[in-house]
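Asks: A structural model of the following input is requested.
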Amino acid sequence: MELTFFSNSPLSLLAPVIAIVLAVVTRKVLLSLGAGIVIGALLLAGLNPLTAMQRVYDGFVGVFWRGAPNLSNIYILLFLLMLGIITSLISVSGGARAFGEWARQRVKTRTGAQLLTVFLGIVIFIDDYFNSLAVGSISRPLTDRHRISRAKLAYLIDSTAAPVCVLMPISSWGAYIIAIIGTMLLSQGYQDSPVLLFLSMIPMNLYAVFALGLVFCTAAMDLNVGPMATQENAALGGTLYDVRKGTPPGAPMLEEDENGKVSDLVLPILVLVMATLIAMLWTGGSAMLDNFLPFSLLGAFEHTNVTLSLFTGGLIGLLFTGVRLLIGGVSGDLWQRAVVEGSKSMLPAIYILVFAWMLTGIIGDLGTGSYLASLIDGTMSPSYLPMILFVLSGAMAFATGTSWGTFGIMLPIAGDMGLAADMNMMLPMLAAVLAGAVFGDHCSPISDTTILSSTGACCHHIDHVNTQLPYALSIAAVAALGYLVMGITQSIGAGFAASLVAFVILITVMWVISGKSRHRRVVG
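Replies: Alright, predicted model coming up:
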């Protein structure tokens with residue numbers, strides 16, 4: 001007999017807390033995720049070990065099969081494998097080497113390499129999964145040549161991917177959010193288009209806006225604080241990642257063709273991007289047609305099947321890259337080894353992602369998100385609600401490892417609270433949920449986006465989490481201040497201005513700290 005009092009209670013926090021604490025302390029992500037899975041299964045099974053074992057088994061099977069093939073997860077895993085193979089084939093072709101030589105002639109500084117990465121992260125806004133993996137594949141050869149640490153690259157990728165996606169209406173995130181708020185707000189009396197409502201919330205999404213501002217300043221001013229400074233100092237000495245932990249996921253080691261061309265890198269990536277974009281429009285348009293809806297660009301993104309589109313785009317990109325390589329004269333033996341090594345390079349990331357999905361499912365069954373949401377009661381002043389919703393959404397995303405799950409739980413709650421407390425603060429409260437979810441996702445070692453950013457940068461996962469944390473927490477403080485002022489003054493402009501002032505102070509402090517780090521490096 002299962003003990004239901006474990007669900008929707010403080011004990012529901014135990015599984016994610018153990019996983020997160022162990023990940024930080026031991027730096028062994030799989031072990032930590034496994035411990036969280038076992039603890040959560042025991043709670044769900046009423047501390048019965050046999051039933052808990054069945055729970056764990058069911059959770060593993062559920063990743064791949066839930067009465068039918070779990071195609072969404074399968075497509076993501078296959079996309080990871082294909083991306084690993086594409087990366088390996090590009091490496092064998094010499095395309096990465098050629099791009100590095102081309103970029104080195106034009107991008108001559110560490111700053112330029114970092115700014116190029118940020119630019120690519122903003123341009124590739126379709127989906128955070130695709131953004132994290134594609135930008136990593138494109139930028140890594142250049143950042144390696146300029147001795148930028150893999151942890152710094154992972155931060156630049158992660159801190160552009162989710163913030164850009166959550167601000168763009170034409171993205172998988174934007175479409176998902178518009179679908180939620182459209183139904184909710186229109187039922188509560190808002191007559192504006194859901195798209196216009198989404199666009200009006202962009203300046204209220206303080207964490208996403210200022211996270212992008214910080215990543216740009218970090219790249220332009222080479223701001224390195226906390227563990228990031230240690231990683232960057234090591235990179236300047238030639239150590240791009242912690243070699244004691246082995247080779248990071250996503251880094252196949254094969255010989256490169258010295259006659260490779262820039263097109264050997266650019267064309268496969270371009271085909272991959274275009275094929276994925278077309279697939280998203282095709283799957284979204286097909287869904288609209290099935291539901292007798294008139295086609296529109298935004299509607300297609302709203303109804304698209306993201307994982308199927310990623311799989312389709314990845315498959316087309318892989319076929320294009322593989323055939324092009326064979327036509328180019330690469331031997332069949334080297335081609336086969338590239339496929340094997342590329343697949344193997346992604347296995348650690350796949351293991352982590354499967355474990356993270358299992359833990360996410362158990363956390364959902366425990367009702368962790370619902371318990372966190374219940375901590376808000378109706379007696380508090382509406383003036384504090386935007387800030388409280390930001391913090392609570394951040395805690396939920398951190399504990400559950402999912403922004404989208406946090407959106408699904410917290411947006412309706414914020415909408416109901418805004419309706420009951422103060423309609424004028426409805427949109428700021430919804431924006432605070434979006435901002436908090438991205439913040440918690442950035443900090444969480446069990447977030448799939450964080451895992452994929454590590455994979456795209458070929459960085460050890462826990463190193464990425466540790467180095468990004470000071471930046472994420474700093475911007476969270478900037479955003480929290482803005483939401484507090486926004487709630488008290490009921491002025492969006494005042495809240496944004498408060499965050500802007502805090503942001504300028506933050507950049508100044510980080511510049512001073514980074515300057516001291518640079519001085520020690522020069523003296524040393």
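Asks: and A68, how many residues sit next to it?
Replies: A68 has 6 neighbouring residues, counting by other CB atoms under 10 Å. Yep, even glycine has a C-beta here, placed from its N, CA and C like the rest.
Asks: can you count the residues close to K28?
Replies: By other CB under 10 Å, 14 other residues sit near K28.
Asks: Enumerate every residue touching it.
Replies: Contact partners of K28, counting by CB atoms under 8 Å, 6 or more residues apart in numbering, are L22.
Asks: repeat that for 10 Å
Replies: Contact analysis of K28 by CB atoms under 10 Å, 6 or more residues apart in numbering lists L22, G34, A35, K245, I462.
Asks: What's the separation between it and I363?
Replies: 20 Å (CB to CB, to the nearest Å).
Asks: In this model H461 seems to touch S454, though I could be wrong.
Replies: Yes. Proximity of S454 to H461 meets the contact threshold set by CB atoms under 10 Å, at 4.2 Å.
Asks: Tell me which of those two has more neighbours.
Replies: Higher neighbour count among S454 and H461: S454, with 33 against 25, using other CB under 10 Å.
Asks: Name the helix or strand for that one, please.
Replies: Per DSSP states H and E: S454 is located in helix 448-457.
Asks: Centre of the chain to whichever helix or strand comes after that helix, how far?
Replies: With elements assigned by DSSP H and E, the helix or strand that comes after helix 448-457 is helix 461-489. From the chain centre to the centre of helix 461-489 is a distance of 16 Å (CA atoms, centre = their mean, to the nearest Å).
Asks: which residues of the stretch 251-400 of the chain fall in helices?
Replies: 263-290, 297-303, 306-327, 332-366, 368-374, 385-400 (DSSP state H, counting those that start in this stretch).
Asks: mean pLDDT for these: which is lowest?
Replies: Mean pLDDT is lowest for helix 368-374 out of the helices of the stretch 251-400 of the chain, coming in at a mean of 68.
Asks: If you count neighbours, what's buried in the helix or strand hosting T87?
Replies: Taking DSSP H and E as the definition, T87 sits inside helix 71-93. Using 16 or more other CB atoms under 10 Å as the test for burial, helix 71-93 gives 73, 75-93.
Asks: before we move on, what about stretch 261-278?
Replies: Judged by neighbour count using 16+ other CB under 10 Å, the buried positions of stretch 261-278 are 261-262, 264-269, 271-273, 275-277.
Asks: Out of these, which two are the most distant from each other?
Replies: Using CB to CB, these span at most 24.3 Å, a distance reached by K261 and L277.
Asks: circling back to that earlier point, helix 332-366 and the helix holding S454, what's the angle between them?
Replies: For helix 448-457 against helix 332-366, the angle by axes from the mean of the first three to the mean of the last three CA atoms, to 10 degrees is 160 degrees.
Asks: relative to helix 461-489, how tilted is helix 448-457?
Replies: Using the same axes, to 10 degrees, helix 448-457 lies at 130 degrees relative to helix 461-489.
Asks: What average pLDDT does helix 448-457 get?
Replies: pLDDT averaged over helix 448-457 gives 86.
Asks: try stretch 206-221
Replies: Rounded mean pLDDT across stretch 206-221 is 95.
Asks: And stretch 122-135, by the same measure?
Replies: The average pLDDT within stretch 122-135 is 75.
Asks: Please state the offset of that stretch from the chain centre?
Replies: A distance of 9 Å separates the centroid of the chain from that of stretch 122-135, by CA atoms, centre = their mean.
Asks: hey, C-alpha coordinates of it in PDB?
Replies: C-alpha atoms of stretch 122-135 as PDB (Å, rounded to 0.1, in the frame of the first residue of the first chain):
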ATOM      1  CA  ILE A 122      20.500  34.800 -30.700                       C
ATOM      2  CA  VAL A 123      20.100  34.100 -34.400                       C
ATOM      3  CA  ILE A 124      19.200  30.400 -33.900                       C
ATOM      4  CA  PHE A 125      16.100  31.000 -31.800                       C
ATOM      5  CA  ILE A 126      13.800  28.300 -33.100                       C
ATOM      6  CA  ASP A 127      14.200  25.900 -30.200                       C
ATOM      7  CA  ASP A 128      16.500  25.700 -27.100                       C
ATOM      8  CA  TYR A 129      17.500  22.100 -27.800                       C
ATOM      9  CA  PHE A 130      18.500  22.800 -31.300                       C
ATOM     10  CA  ASN A 131      20.100  26.100 -30.300                       C
ATOM     11  CA  SER A 132      22.300  24.500 -27.600                       C
ATOM     12  CA  LEU A 133      23.600  21.700 -29.800                       C
ATOM     13  CA  ALA A 134      24.000  23.600 -33.100                       C
ATOM     14  CA  VAL A 135      25.700  26.700 -31.600                       C
END
